[in-house]
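Trainee: give the three-dimensional model of this entry:
(2 chains)
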There are 2 protein chains.
Amino acid sequence: MTHLGIDAGGTSTRAVVVDPAGHCLGHGRSGSGNPISSGPHVAAASLREAAEQALAAAGLPGSAVGSTSVAMAGGSRIAEDDEVAATIGGALLAAGVHASLAVEPDLLALYFSGTHEPSGYALVAGTGAAAVRVVEGEVVATCDGLGWLLGDGGSGFWIGREVVRAVCADLDGRGPSTALTPLLLDAAPGTDPDTAEPLAPGGGRAPALPHLVRQLYAVPPVHLARFAPLAFAAVDSADDEVAADIIARAGASLTRTLAAVLLPDLDGPVVLGGGVLVSQGLVGDVVRASLVATRRRAPVVAVTDGLVGAAVLALRRSGVTVDAATFATVTDSLARLR
Amino acid sequence: MTHLGIDAGGTSTRAVVVDPAGHCLGHGRSGSGNPISSGPHVAAASLREAAEQALAAAGLPGSAVGSTSVAMAGGSRIAEDDEVAATIGGALLAAGVHASLAVEPDLLALYFSGTHEPSGYALVAGTGAAAVRVVEGEVVATCDGLGWLLGDGGSGFWIGREVVRAVCADLDGRGPSTALTPLLLDAAPGTDPDTAEPLAPGGGRAPALPHLVRQLYAVPPVHLARFAPLAFAAVDSADDEVAADIIARAGASLTRTLAAVLLPDLDGPVVLGGGVLVSQGLVGDVVRASLVATRRRAPVVAVTDGLVGAAVLALRRSGVTVDAATFATVTDSLARLR
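Mentor: Just a heads-up that it's a prediction; the model follows:
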């Protein structure tokens, strides 16, 4: 009997078939598997495609799967929505998988992608940002993850918003000059100053500003997250003080989010995930420095996604004890597949 | 021959009939007159109603109006939109007014509500925030007014957003305790902790938080401006440090916005408008202190709306020289009508 772990994200979905010893036998990848952000049809198609790919790569039928864990933003709560539960269950049935199904928090899968230890912490900063405390394999405390308007301090959206606000202030003459400005004008689509119309109420505007503003309001707010990399680029290429300040504040904000779930007497591993913490060194450095200052000894591990953890959760939920050796088998065998 | 001045705002619209000597003869008031925020039908009905009320109060037919000035966010640019121009013109025709029509920036009407001087500055902080430099009766420079997502630093939205983020951080354990929290939980509708469901991904949340978050995402972001008064209340009632910091930063932001349009050799009057600067003393105090520090001698005047200025603009556009005496006539006679 094998197990199926799926890490269903808003951008991509990954699936892996794993045997009870932790050997990953097949792996698949598809598009958005989040029914809330992408709708049930897209999510169902992605879940089915990733599962079918993983089974095909393993050379196994869906009937060989004894249990399935699907990691998703919202975790078990999301599956209490009947439509969401039907979406996930239907997609797996379509892939020939009739096994029992558990829906897990994506942050728990992220955590178990970095460690086999049953208790510790995870901090993620992608488009959003949140921290969790994990005790005996369950999320027992959560901080932030409150979304772009009310929270997600230090996230990709948060950084991207600070970038565009700093550029607007620069062009507006009320903020310092910054290397972010030419970077954003290059990166934002259709900001040709020659075609810009004056912004209401007119008079004395930088030519690039009105068109930039119109372009940025034309997309959903969360899309500002795509400009977060400009902050890192401006520090790397120009040692830009405005960008360095944004990154420092993002790091401080994420440090506070993590600190809110840390317990003095639980010195468990800290797993970092998400592009802001993993693809870029600077923010992660701030968070790591804060952990050193608290004299914690447990390791800090960065992971690129939650797929290892989805496999670990599928094993744990079916009664397999995932120790250091089994965890190493999962990570090593999955690395060879990917 | 008389003149019609209209101050068309997103919340309310005011109209006044004024004679060439500056005597205000009648005044009217209605709902939103902004065709962009409220749609053409609502705006047309408001413009017509305010104009008809003002004419009826003056005991004059629409044919007695020789020229009309309508002050509106966006100013003359907004009237270049054919649909908007048709909305405004049609509403005035329906009120029997066939006179020539000029659409003016709302910030220019705000400016001329505080002074007859042709050159100076205006700073407004209502839901949004912007500053203008006025030279010889025209807006020649503008700063901010870039909207809730990209700008409007120090505005009612900006303060309200800081308030709700501070409360979320408090409830989340990653920010300081603040007197804003009980104030917001009282002010936000339907935040009964007993009915709150856990927020994804669950685990260890303050009971009030998930429901509050759901309520706040259920309304358009700009509605957060309604929580700005809580910052002032928290300082007044509890000397709250978190709220005081928000107010200090709002004042600093508005000071930068105003400073960006100030010229050293144009020591003209500074007209302040909008609820953040006028209804509440604290933010205006920061801005006034900054002006004292620059050794400017021109007066700083606070005004409650742009209606006096709409009358002044109607007079100016028809060739009347509005000197100190005429300005006093406008303000005194309008005050007696209201």
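Trainee: residue contacts, the spatially closest residue to residue A:337 that is not a sequence neighbour?
Mentor: Computed as Cβ to Cβ, 6 or more residues apart in numbering or on different chains, the closest residue to residue A:337 that is not its neighbour in sequence is residue A:27, at 4.3 Å. Backbone N, C-alpha and C define where each C-beta goes, glycine included. Neighbour list for residue A:27: A:14-17, A:53-54, A:57, A:307, A:334, A:337-338 [criterion: Cβ atoms under 8 Å, 6 or more residues apart in numbering or on different chains].
Trainee: hmm, try it at 10 Å
Mentor: Residue A:27 is in contact with A:5, A:14-18, A:50, A:53-54, A:57-58, A:307, A:311, A:333-334, A:336-338, counting by Cβ atoms under 10 Å, 6 or more residues apart in numbering or on different chains.
Trainee: where's it relative to residue A:6, distance?
Mentor: To residue A:6, residue A:27 is 11 Å away according to Cβ to Cβ, to the nearest Å.
Trainee: in PyMOL, how would I select the buried members of the contacts of residue A:27?
Mentor: The following PyMOL line selects those of these that are buried, judged by 16 or more other Cβ atoms under 10 Å in any protein chain shown:
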select buried, chain A and resi 5+14+15+16+17+18+50+53+54+57+58+307+311+333+334+337
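Trainee: now, which of the contacts of residue A:27 lie within strands?
Mentor: A:5, A:14-18 (DSSP state E).
Trainee: dump the residues you listed to CSV, plus distance to residue A:268.
Mentor: Formatted as CSV, the ones in strands among the contacts of residue A:27 follow (distance: Cβ to Cβ, whole Å):
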residue, distance to residue A:268
A:5, 22
A:14, 25
A:15, 28
A:16, 24
A:17, 29
A:18, 24
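Trainee: elements contacting the lowest-mean-pLDDT helix or strand in chain A?
Mentor: Of all the helices and strands that make up chain A, helix A:35-38 has the lowest average by mean pLDDT, DSSP states H and E, namely a mean of 81. Secondary-structure packing of helix A:35-38 (3 or more Cβ pairs under 10 Å, 6 or more residues apart in numbering or on different chains; DSSP states H and E): helix A:40-58, helix A:82-94.
Trainee: what does it rub up against?
Mentor: A:8-11, A:13, A:31-32, A:41-47, A:72-74, A:78-79, A:81, A:83-88, A:91, A:222, B:200.
Trainee: and the residue nearest to residue A:338 when sequence neighbours are not counted, backbone torsions?
Mentor: Distances taken as Cβ to Cβ, 6+ apart put residue A:27 closest to residue A:338, at 6.2 Å, once the chain neighbours are dropped. Reported as degrees, to the nearest 10, the phi and psi values for residue A:27 are phi -140, psi 140.
Trainee: report pLDDT for residue A:27.
Mentor: Looking at residue A:27, its pLDDT stands at 95.
Trainee: got CSV for the ones in strands among the contacts of residue A:27, with pLDDT too?
Mentor: Shown next, in CSV, are these (pLDDT from 0 to 100):
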residue, pLDDT
A:5, 96
A:14, 96
A:15, 97
A:16, 97
A:17, 97
A:18, 97
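Trainee: please name the nearest non-neighbouring residue to residue A:155.
Mentor: Closest to residue A:155 by Cβ to Cβ, 6+ apart is residue A:129, at 3.7 Å.
Trainee: can you tell me the residue of the stretch 201-338 of chain A closest to chain B?
Mentor: As assessed by Cβ to the nearest Cβ, chain B sits closest to residue A:204 within the stretch 201-338 of chain A, at 3.1 Å.
Trainee: tell me, how many residues neighbour that residue?
Mentor: Residue A:204 has 17 neighbouring residues, counting by other Cβ atoms under 10 Å in any protein chain shown.
Trainee: residue contacts, it?
Mentor: Contacts of residue A:204 (Cβ under 10 Å, 6+ apart): A:172-173, A:198, B:132-133, B:135, B:139-143, B:260-261.
Trainee: hmm, try it at 6 Å
Mentor: By Cβ atoms under 6 Å, 6 or more residues apart in numbering or on different chains, residue A:204 lies in contact with B:140-142.
Trainee: what would the residues you listed look like in CSV with secondary structure and neighbour count?
Mentor: Below are the contacts of residue A:204 laid out as CSV (DSSP: H, G, I helix; E, B strand; the rest coil; neighbours: other Cβ atoms under 10 Å in any protein chain shown):
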residue, secondary structure, neighbour count
B:140, strand, 15
B:141, strand, 18
B:142, strand, 27
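Trainee: pLDDT and distance to residue B:233 added to those residues, as TSV?
Mentor: Conversion of the contacts of residue A:204 to TSV gives the following (pLDDT from 0 to 100; distance: Cβ to Cβ, whole Å):
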residue	pLDDT	distance to residue B:233
B:140	93	38
B:141	93	35
B:142	93	32
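Trainee: intersect those with the contacts of chain A.
Mentor: Contacts with chain A within these, counted by Cβ under 6 Å from any Cβ of the partner chain: B:140-142.
Trainee: picking that back up, helix, strand or coil for the residue of the stretch 201-338 of chain A closest to chain B?
Mentor: coil (DSSP: H, G, I helix; E, B strand; the rest coil).
Trainee: tell me who's in contact with residue A:82.
Mentor: Counting by Cβ under 6 Å, 6+ apart, residue A:82 has no contacts.
Trainee: er, residue A:2 actually
Mentor: Residue A:2 neighbours (Cβ under 6 Å, 6+ apart): A:17, A:19, A:64-65.
Trainee: how close does it sit to residue A:21?
Mentor: 10 Å.
Trainee: next: residue A:81.
Mentor: Taking Cβ to Cβ, one finds residue A:81 at 35 Å from residue A:21.
Trainee: how about residue A:298?
Mentor: 26 Å.
Trainee: taking the stretch 51-200 of chain A, what residue is nearest to chain B?
Mentor: For the stretch 51-200 of chain A, Cβ to the nearest Cβ, closest residue to chain B: residue A:141, 3.1 Å.
Trainee: surely that residue meets residue A:134?
Mentor: No: here residue A:141 lies out of contact with residue A:134, judged by Cβ atoms under 6 Å, at a distance of 8.9 Å.
Trainee: ok, the residue nearest to residue A:135 when sequence neighbours are not counted - contacts?
Mentor: In space, and not counting its chain neighbours, residue A:135 is closest to residue A:119: 4.8 Å by Cβ to Cβ, 6+ apart. For residue A:119, the contacting residues are A:134-135, A:268, by Cβ under 6 Å, 6+ apart.
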